[in-house]
Structure formats: C-alpha cells, structure tokens
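S.K.: give the three-dimensional model of this entry:
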Amino acid sequence: GINLGNTFDAFGDWVDKWGDGSVESYVTCWGSPVITQEMIQGYADEGFGVLRIPVHWFNLMGDDYTISADYLAAVKQVVQWALDAEMYVIVNIHHDEDGLFAGFPTNREASLSAYVKIWSQLAEAFRDYDHRVVLESLNEEGCWDGVWNRWGTDAGKAEAYQILFEINQAFVDTIRGSGGNNERRHLLLAGYATGITETCDAMFRMPEDPANRCAVSVHYYTPPGFAILEEDASWGKATATWGTEADFAELEAYMNMLQATFVDNGIPVIVGEYGCPSNNKERESVRLYLSSVCAAIYERNMCPILWDVAGAHYDRNTYKMMDRELIASLIAVTQETNLP
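M.R.: Alright, predicted model coming up:
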C-alpha cells in the first residue's frame, strides 16, 4: 500500500485566514497538485493494492463538528477512483492533536461525544461501500504524555491506555450500529501512539467487536535518525545510511514482537505508515531500508503501507514512482514471499 499523504490531511491557520475557502486550497496547501483520477489509477498501475487516505476532517468543519459536505464529497470521489482502480482504501481521522484529542483527559464525555458525532457522519457516508473500504479510528493522536510520560515512570499509564480503549470502543460501536455494510466492515484500530512497543504492551486492549473484523494499526519509523531526521535535532542525530547487522536485528525484533503479540493470536496488523526521507540520505540505503521494512512486514502476513507525499516517491504529475529500482524491489517482495 501507499499513503496519499499531505493532501486531505493538510491544514494551517494561514489557509483558514487567507485561503479561498475551497477544498482545493486545503488539498494543495502542503505541496500536492489537485488529485485526479489518472493520478489514482497510476498508483494501481505501479502495483499498489491499498491507498490510505489520511483526512483532517476539521478543515472547513462547523463549530458543532459538522463535516463540510464539499470536503466529504471530495474524499468520496477519491475513494471511488481508488475502487474503480481495484484498490482497497483506508480512510481515517488525521491530526487535531491539540484540539479534540487533547481534551480527552480532562473532558472525556464531551470529547467522546464530539468524536462519535464525527464518526456517525462518516459511518453514514460510507455505509453502502463494499468491504474494500476500511475505516481507521485515528492516526497517531492516541497518546497523552501529560497523563503518562512514556519515557518516565508508569504513573498514569493505565489511565492513558484506558482513554485510547474508550475511543476505539466508541469507534467500533458507532460504525457497527450504523447498519448497512458497516455491520461487517473491516475496521482498523490505532495502537497507542501507533508505536510498536507501546501497542504490544499488555495495557493495550482491542475493543469488543460483534463482527470480529478488527485489525490493529502501528507505524514504523525506526531508527528515527535515519527514518525521520534529515538533519540533527535537539533530540537526535541524523544518519545518512542504514543496513548494518544491528539495523537488521532491530527491524526483525520489532516485527517479531508484532507477530507474536497480534498475528499469532489471530489479530491482523496493518503498518499504516513506514518510510524515510530522501534528503541527506544515501540513495542505496533508502532503497535498502524501504524494501527491507516492506519485506519484514509482508513476510509476517501483515500489510505495509508506504508513507508518501508529493515529491517524495510517487510523482503525482507523471503517475509513476520516481525511483524505478525502488518500485521493482517493492513489487519483488510480493512475488518472492509465499503467503497462505
């Protein structure tokens, strides 16, 4: 799979103030061209079978959490194009870390009510789509460092995980209660901070689902010096290469953890984002990292979805992956892996 990143998930105060109020002004504000059917078909033609569409529904949203009809229509159009291209689609709630999700620790009832209102609208909008449309509860916002310091003690840890459990349970209940194809739709539940270690923790619980059709979502940007940083930061040092024995051992350890915790216990896993920047990185290391992570995920019967934005890996103007060696290596993973 591949992400339609920095597109429907793009936002900014400056767009709110000086944009023309159109959906296009938000879709393009982080550098993406306008999305076209040819662009979406191009993903499928390049060999991708899943398109994840991150969405910041709070763009153009009413004060009462009413989703913009124009924004919803634009997302649904892209969903339909992906379905026409015979792809699966994942649609989520993306961002609003400092808004809706920040309120859960101190104002649980109101925050849950707003969250349910958003998903009630989306459940209605997608209820008649077939099983190829997967709905995802949230992105990386499911963590509250003010409640539990992940890098400190266990104080507040149980409460933090309980908040996420309640959100994921409300998500399942809302979708399942909306009828139509939503009664058995595949649902994707965000892990804690979508971190592998945090999500594999015994504190993380999957919600109850009468249809038993839930998967868990995590992200993989490890090691951060290579997979996140393009230059040194206060919290870490950027590295230009990847591929040592220790690097591979770290990758295997994380993937084995996911397999043992979830896959071996009948819970599917989707790695909704994995990737690394190209700037200040050795090209061969980028190819090796992306293809190795993809293979490690795929070999364990999990689904890898590459994080991509305009100008990164897929050219949204020519409808081709820019690095032909990279796409060849990604496709080879699916051809060389024997899955049941």
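
S.K.: please make it C-alpha for all contacts and neighbour counts, starting now.
M.R.: OK.

S.K.: flag the shaky bits of the stretch 51-200 of the chain, pLDDT-wise.
M.R.: Low-confidence segments of the stretch 51-200 of the chain (pLDDT under 70): none present.

S.K.: how about the residue nearest the centre of the chain: what's its closest non-neighbour residue?
M.R.: Centroid-nearest residue in the chain: G272, 4.1 Å away (criterion: CA atoms, centre = their mean). Take G272 and drop its neighbours on the chain: the residue closest to it by CA to CA, 6 or more residues apart in numbering is I305, 5.1 Å away.

S.K.: ok, back up a step: list the contacts for the residue nearest to the centre of the chain?
M.R.: If a contact means CA atoms under 8 Å, 6 or more residues apart in numbering, then G272 has 52, 217-219, 303-307 as its contacts.

S.K.: SS state for the residue nearest to G272?
M.R.: Following DSSP: H, G, I helix; E, B strand; the rest coil, the label given to I305 is strand.

S.K.: distance of it relative to I228?
M.R.: Taking CA to CA, to the nearest Å as the measure, I305 falls 16 Å from I228.

S.K.: with neighbour numbers in mind, choose between those two.
M.R.: I305 (24 against 17; other CA atoms under 10 Å).

S.K.: ok, the more buried one touching N3?
M.R.: Yes: counting by CA atoms under 8 Å, I305 touches N3, with 6.6 Å between them.

S.K.: three-state assignment of the residue nearest to the centre of the chain?
M.R.: strand.

S.K.: adjust the sequence numbering to begin at 53 for everything that follows.
M.R.: With the count now opening at 53, the last piece we talked about shows up as G324.

S.K.: pLDDT at it, what is it?
M.R.: Here, the pLDDT recorded for G324 equals 98.

S.K.: any idea which element T249 lies in?
M.R.: Assigned by DSSP states H and E, T249 belongs to helix 248-251.

S.K.: could you identify the helix or strand that succeeds that helix?
M.R.: Per DSSP H and E, the first helix or strand lying C-terminal to helix 248-251 is strand 266-272.

S.K.: let me know the secondary structure of V385.
M.R.: Taking three-state DSSP, the label given to V385 is helix.

S.K.: mind checking how far it is from I349?
M.R.: Distance from V385 to I349, counting by CA to CA: 10 Å.

S.K.: between the two, tell me which one has more neighbours.
M.R.: Counted by other CA under 10 Å, V385 and I349 do not tie: I349 has more neighbours, with 25 against 19.

S.K.: just give me the closest of the contacts of G324 to M309.
M.R.: Comparing the contacts of G324 against M309 with CA to CA places V270 closest, at 12.0 Å.

S.K.: neighbours of the closest one, how many?
M.R.: Neighbourhood size, V270 [other CA under 10 Å]: 26.

S.K.: residue contacts, it?
M.R.: 242-243, 246-248, 251, 321-325.

S.K.: recalculate using a threshold of 7 Å.
M.R.: Listed by CA atoms under 7 Å, 6 or more residues apart in numbering, the contact partners of V270 are 242-243, 246-248, 322-324.

S.K.: mind listing the strands for the protein?
M.R.: 54-55, 102-105, 140-144, 185-188, 239-242, 266-272, 321-326, 355-358, 366-367, 372-373 (DSSP state E).

S.K.: now the third one against strand 321-326, angle please.
M.R.: Looking back up the chat, that one is strand 140-144. 70 degrees (axes from the mean of the first three to the mean of the last three CA atoms, to 10 degrees).

S.K.: for Y272, list each beta-bridge partner.
M.R.: Note on Y272: beta-bridge partners by DSSP bridges are Y326.

S.K.: can you report how many residues neighbour it?
M.R.: 24.

S.K.: and if you look at E90?
M.R.: Residues within reach of E90, counting by other CA under 10 Å, total 14.

S.K.: this protein: helices as residue ranges?
M.R.: Assigned by DSSP state H, the helices in the chain fall at 65-70, 75-79, 89-97, 121-136, 160-178, 209-228, 248-251, 276-279, 297-313, 335-350, 376-388.

S.K.: so can I have JSON lines of those showing distance to L152?
M.R.: Listed next are the helices of the chain as JSON lines, based on distance: least, CA to CA, whole Å:
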{"stretch": "helix 65-70", "distance to L152": "16"}
{"stretch": "helix 75-79", "distance to L152": "20"}
{"stretch": "helix 89-97", "distance to L152": "31"}
{"stretch": "helix 121-136", "distance to L152": "19"}
{"stretch": "helix 160-178", "distance to L152": "6"}
{"stretch": "helix 209-228", "distance to L152": "12"}
{"stretch": "helix 248-251", "distance to L152": "22"}
{"stretch": "helix 276-279", "distance to L152": "27"}
{"stretch": "helix 297-313", "distance to L152": "29"}
{"stretch": "helix 335-350", "distance to L152": "32"}
{"stretch": "helix 376-388", "distance to L152": "37"}
